[in-house]
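Asks: Task: produce atomic coordinates for the following.
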Amino acid sequence: MSEWTAFAGFVGVVLVGLLLLARASATALTPSEPPVPETPTATEYPATLDARVVDDGRSSPPNLSTATLLLNVVVSQGLFASLLLVGMWVASIPPASLGLGADSLALYPLAVGVGLGVTLHGANTVGSRLSDRFGFGDATALREAMAPDSVPGWAALLLVVLPLVAGFEELLFRGVLIGAFATGFDLSPWLLAAFSSVAFALGHGAQGRAGVVVTGTLGFVLAAAFVLTGSLAAVIVAHYLVNALEFVVHER
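Replies: From the prediction side, this is the model:
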């Protein structure tokens, strides 16, 4: 039990670090709006400048390039994934508890992952449109900022960035927070599914309030799929397809 407790503490540190990074990303992508200065009088600006556009003092989000954003994702997610894997190795976490059993790569769970991914993509699209319609915030700003404008960029996104994101996040939020903790502490996987879904939603703060709500809902569906199938591969496939289809359908 002591090893499990130490591992849980280590996972807590990784999770807090991830949430702090998500908060920093949300702040960096949110435009600040300082108070609008008073309208200048005619004596403050000569008549020859009347036709010029005067800056209202509003600032826009930092001009981060797509390559910078993608590199940030690779470095940060890769670092957290490496830390998590080292912690699992030191604590000797059994692979089966993570959903990595002998039959986790069987045809059935992989087919479930494909079907679930396509379905969740459709639900995510509907949620984003409802959010835009009722003014709940823009959940697509981060996706638009990360969309590449070249073939090599799309290759990097679809073959490196998104697989890394799906693999790490499913390992942490489903494999560890549900599977490993249910095994190590004899807790209800459904209770852990609820907890992991809240943490998963908070970890996507860069997508805005609407994105947090939609992501939390999708996270619980993925958690339920993990509990029912016992396969980490199934939810990794589903997670990857949700993200990949979002970019390909809406940005390509």
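
Asks: Helices of the stretch 1-150 of the chain, start to end?
Replies: Counting by DSSP state H, counting those that start in this stretch, the segments of the stretch 1-150 of the chain that form helices are 2-29, 66-90, 107-133, 141-146.

Asks: What is the first one packed up against?
Replies: So the one you mean is helix 2-29. helix 66-90, helix 141-146, helix 181-185, helix 189-202 (3 or more Cβ pairs under 8 Å, 6 or more residues apart in numbering; DSSP states H and E). All C-beta atoms are positioned from the backbone trio N, CA, C, and that covers glycine.

Asks: looking at these, which one has the lowest mean pLDDT?
Replies: Lowest mean pLDDT within the helices and strands packed on helix 2-29: helix 141-146, at a mean of 73.

Asks: Of all the helices of the stretch 1-150 of the chain, which one comes closest to Thr217?
Replies: helix 107-133 (7.4 Å; Cβ to Cβ).

Asks: Determine how far the closest one lies from the middle of the whole chain.
Replies: 15 Å (Cα atoms, centre = their mean, to the nearest Å).

Asks: which non-adjacent residue is nearest Leu116?
Replies: Ala238 (4.1 Å; Cβ to Cβ, 6 or more residues apart in numbering).

Asks: what does the helix or strand containing the one you found contact?
Replies: For Ala238, the element it lies in under DSSP states H and E is helix 232-250. Helix 232-250 is contacted from outside by 98-100, 104-105, 109-110, 112-114, 116-118, 120-121, 124-125, 140, 143, 146-147, 157-158, 162-163, 165-167, 169-171, 174-175, 179, 218, 222, 225-226, 229, using Cβ atoms under 8 Å, 6 or more residues apart in numbering.

Asks: Poorly predicted segments of the stretch 101-250 of the chain, please.
Replies: 127-142, 205-208, 210-211 (pLDDT under 70).

Asks: ok, Glu144 touching Glu251?
Replies: Yes - with contacts counted by Cβ atoms under 8 Å, Glu144 reaches Glu251, the gap being 6.8 Å.

Asks: Compare those two (neighbour count), which wins?
Replies: Higher neighbour count among Glu144 and Glu251: Glu251, with 15 against 12, using other Cβ atoms under 10 Å.

Asks: what's near enough to touch that one?
Replies: 143-144, 147.

Asks: Going by distance to His204, which of those residues wins?
Replies: Distance ranking of the contacts of Glu251 against His204, using Cβ to Cβ, places Arg143 first at 11.3 Å.

Asks: neighbours around the residue nearest to the closest one when sequence neighbours are not counted, how many?
Replies: Sequence neighbours aside, Glu246 is the residue nearest to Arg143 in space, at 5.9 Å (criterion: Cβ to Cβ, 6+ apart). Glu246: 18 surrounding residues under other Cβ under 10 Å.

Asks: Ok, the one 3 residues further on next?
Replies: Here the count is done by other Cβ under 10 Å, and Val249 has 11 residues near it.

Asks: if I look at it, how far off is Leu79?
Replies: For Val249, the distance to Leu79 equals 30 Å [Cβ to Cβ, to the nearest Å].

Asks: just Gly179 next, same as before
Replies: 22 Å.

Asks: End to end on stretch 99-116, go ahead and measure it.
Replies: 17 Å (Cα to Cα, to the nearest Å).

Asks: Work out which residue lies at the spatial centre of this structure.
Replies: His204 (4.6 Å; Cα atoms, centre = their mean).

Asks: Report how many residues lie close to the closest residue to that residue other than its chain neighbours.
Replies: For His204, ignoring the flanking residues on the chain, the nearest one in space by Cβ to Cβ, 6+ apart is Thr215 at 4.3 Å. Applying other Cβ under 10 Å, we find 22 other residues in the vicinity of Thr215.

Asks: and the gap between Thr215 and His250?
Replies: Distance from Thr215 to His250, by Cβ to Cβ: 16 Å.
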